[in-house]
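S.K.: Here is a sequence with its predicted model. Questions after.
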Amino acid sequence: MSYRNKLFFLVTLVLALALALPAQAQVPTPTATPVNPNANISWPPPVYVLRGEFTVRGAANLSNMQNYFLEFRQLNADLTAADEAVPWFPVTVPQTQAVQDDVLGVWDTSTVPDGLYELRLTINLTNNQQEQMVVSPLRVENTPPPFAVTPVVPVASPTATVDTQQLLPTPTQFDPTPRATARLAANVRRGDSVIYEAFTGLQPGQTVPIVGQSSLGTGWFLIELPNGARGWVSPSVVDVSGSLSGVPFVSPPPPPTPTPIPATPTPVSTVNLVAGNFRFDPPAPVCGQTFNIYLDVANFGTTPNPSGLIGVVDIPAPDPNLTTNTVGALPVIQPGQTVNIGPIPLTVNVHHSQVHQLVITIDPGNQILETNKFDNVINAQYTLLKGSCP
């Protein structure tokens, strides 16, 4: 074969290989697991360095969400969990307000040693299920490595006298001690719910140490009073400071039971009003527009009740102190009878596009003698639509 023919053969072979390679390289790319836009941690991303108080962003906005919270735990150098038997440590207390592409909480990494960690978002749902997302690994590095660049402080000229103490900012000392400060006069109860007895209270601005948090996920704190006694406060009436990472979860005492009525020689007629089903009309309340509330009330007693009132209190999640109130008429109900009461009109003008809690109470002034008052209250949650509100 001549040199000219060999050269032609080689060029043809190279062109054929070049055309074949792209076809062989077209390997399908694996499909990533989709991220739920309403249940995720968008910041920080995996393999990120955290330092000091770090803001965690994302979304916790599921339609049947009860609450959400953030947790962390340390990893080994090979990215495995340090000890599967050790529980996750809390970053935040359970929150009930929905979040969409905003701040989920702040993790104070200065309270943990430097190293590798994973961060988890847990959303508790009303059907006793959970939605979770984990970001891993993350590196906490509050102490920079020795090879980190250190800023150079300029040296003053011989003709000028510079007070370097005035140039350097005074460091702020962070106190990690968990504390609760009352926003207003707050009840201290024997358990983590309003059904427990309030045996004392906190004055506005009073600060007490936090020694525990409810293991039932209610968000209530166990505090220690100046006299050494301990009691529970709601997270809606206190501001929390310090770090909750080392605060243990504590089981509250059993719920109180009604005091039994002693037997008498002759039968005694009683009244027992019970709150049942309710509905809104229209079903989705709108800011600034009146909607009606309908409630089923049954009399499980043996005598008819006297007429009275039904109280309604609307509590917006962003500001529990900014309530809206109304009342409805309670008619006489015969024993064994159920009556649908309404309409009870209500107009809410605050915190649209936010979650609201509606508390409906039969006989809020306790004017009717009953054998059981614990079944007189019913709670509902809804999201107030914007409507024409600014």
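M.R.: Arrived safely. Just so we're clear, the structure is a prediction, and the values are computed from it rather than from any experiment. Numbering: from 1, shown residues only.
S.K.: okay, and for the stretch 251-390 of the chain, where does confidence drop off?
M.R.: In the prediction, the stretch 251-390 of the chain carries residues with pLDDT under 70 at positions 259-269.
S.K.: at 80 what do you get?
M.R.: The stretch 251-390 of the chain contains residues with pLDDT under 80 at 257-269.
S.K.: Now do the helices in this protein.
M.R.: Counting by DSSP state H, the chain has helices at residues 3-25, 164-167.
S.K.: So for the last one, mean pLDDT?
M.R.: Right, helix 164-167. Confidence over helix 164-167, taken as the mean pLDDT, stands at 48.
S.K.: same check, this time on the first one
M.R.: Per-region confidence: helix 3-25 scores 47 on mean pLDDT.
S.K.: Stretch 42-55 now?
M.R.: So the average pLDDT for stretch 42-55 ends up being 89.
S.K.: Domain parsing of this protein, as residue ranges.
M.R.: Taking automatic domain parsing as the domain assignment, the ranges for the chain are 39-140, 179-250, 273-383.
S.K.: Using a markdown table, lay out those domains together with mean neighbour count and distance to Cys389.
M.R.: No exception for glycine: its C-beta is placed from N, CA and C like everyone else's. As requested, the domains of the chain are exported to a markdown table (neighbours: other C-beta atoms under 10 Å; distance: least, C-beta to C-beta, whole Å):
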| stretch | mean neighbour count | distance to Cys389 |
| --- | --- | --- |
| domain 39-140 | 16 | 18 |
| domain 179-250 | 17 | 23 |
| domain 273-383 | 16 | 4 |
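S.K.: Select, out of the ones you listed, the one closest to Pro258.
M.R.: Shortest separation from Pro258 across the domains of the chain is recorded for domain 273-383, at 5.8 Å, computed as C-beta to C-beta.
S.K.: returning to what we had before: TSV please, covering the domains of the chain and showing distance to Pro256.
M.R.: Below are those laid out as TSV (distance: least, C-beta to C-beta, whole Å):
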stretch	distance to Pro256
domain 39-140	23
domain 179-250	6
domain 273-383	9
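S.K.: so which of those domains gets nearest Thr257?
M.R.: Going through the domains of the chain one by one, with C-beta to C-beta as the measure, domain 273-383 comes closest at 9.2 Å.
S.K.: where's the closest one relative to the chain centroid, distance-wise?
M.R.: Using C-alpha atoms, centre = their mean, to the nearest Å, the mean C-alpha position of domain 273-383 is found 25 Å from that of the whole chain.
S.K.: Excluding residues flanking it in the chain, which one is nearest Asn277?
M.R.: Once its chain neighbours are removed from consideration, Asn277 has its nearest residue in Asp296; the separation is 4.7 Å (C-beta to C-beta, 6 or more residues apart in numbering).
S.K.: Run a quick check on the one you found versus Gln337, I expect a contact.
M.R.: No: using C-beta atoms under 8 Å, Asp296 is not in contact with Gln337; the gap is 10.9 Å.
S.K.: remind me which residues of the stretch 101-250 of the chain are low pLDDT?
M.R.: For the stretch 101-250 of the chain, residues meeting the criterion pLDDT under 80 lie at 144-174.
S.K.: switch the cut-off to 50
M.R.: Low-confidence segments of the stretch 101-250 of the chain, defined by pLDDT under 50: 149-160, 162, 164, 167.
S.K.: how about the strands in it?
M.R.: Assignment of strands within the stretch 101-250 of the chain using DSSP state E, counting those that start in this stretch yields the ranges 115-125, 130-140, 179-182, 186-189, 198-202, 207-214, 221-224, 230-233, 238-241, 249-250.
S.K.: Dump those strands to TSV, plus distance to Ala317.
M.R.: Conversion of the strands of the stretch 101-250 of the chain to TSV gives the following (distance: least, C-beta to C-beta, whole Å):
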stretch	distance to Ala317
strand 115-125	15
strand 130-140	19
strand 179-182	19
strand 186-189	18
strand 198-202	22
strand 207-214	18
strand 221-224	18
strand 230-233	18
strand 238-241	16
strand 249-250	23
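S.K.: between the ones you listed, which gets nearest to Asp319?
M.R.: When those are ranked by proximity to Asp319, the top entry is strand 238-241, at 13.3 Å, counting by C-beta to C-beta.
S.K.: Could you check how far the closest one is from the centre of its chain?
M.R.: The offset between the C-alpha centroid of strand 238-241 and the centroid of the whole chain comes to 14 Å, using C-alpha atoms, centre = their mean.
S.K.: Asn38 - nearest residue in space that isn't next to it in sequence?
M.R.: Skipping the residues right next to it in sequence, Asn38 comes nearest to Asn61 by C-beta to C-beta, 6+ apart, at 4.5 Å.
S.K.: show me the contacts for that neighbour.
M.R.: Neighbour list for Asn61: Asn38, Ala39, Ala98, Val99, Gln100 [criterion: C-beta atoms under 8 Å, 6 or more residues apart in numbering].
S.K.: Ok, His351 next?
M.R.: Contacts were defined as C-beta under 8 Å, 6+ apart; by that measure His351 touches Pro316, Ala317, Pro318, Asp319, Leu322, Leu384.
S.K.: Kindly provide the distance from it to Gln97.
M.R.: Using C-beta to C-beta, to the nearest Å, we find His351 at a distance of 10 Å from Gln97.
S.K.: Beta-bridge partners for the most centrally placed residue in the chain, please?
M.R.: A centroid search over the chain (C-alpha atoms, centre = their mean) returns Gln95, at 0.9 Å, as the residue closest to the centre. The bridge-partner assignment for Gln95, based on DSSP bridges, gives Tyr68.
S.K.: That one contacts Leu70, doesn't it?
M.R.: No: in this structure, Gln95 is not within contact of Leu70 by C-beta under 8 Å, at 9.2 Å.
S.K.: what's the overlap in contacts for those two?
M.R.: Residues touching both Gln95 and Leu70 (C-beta under 8 Å, 6+ apart): Gly105.
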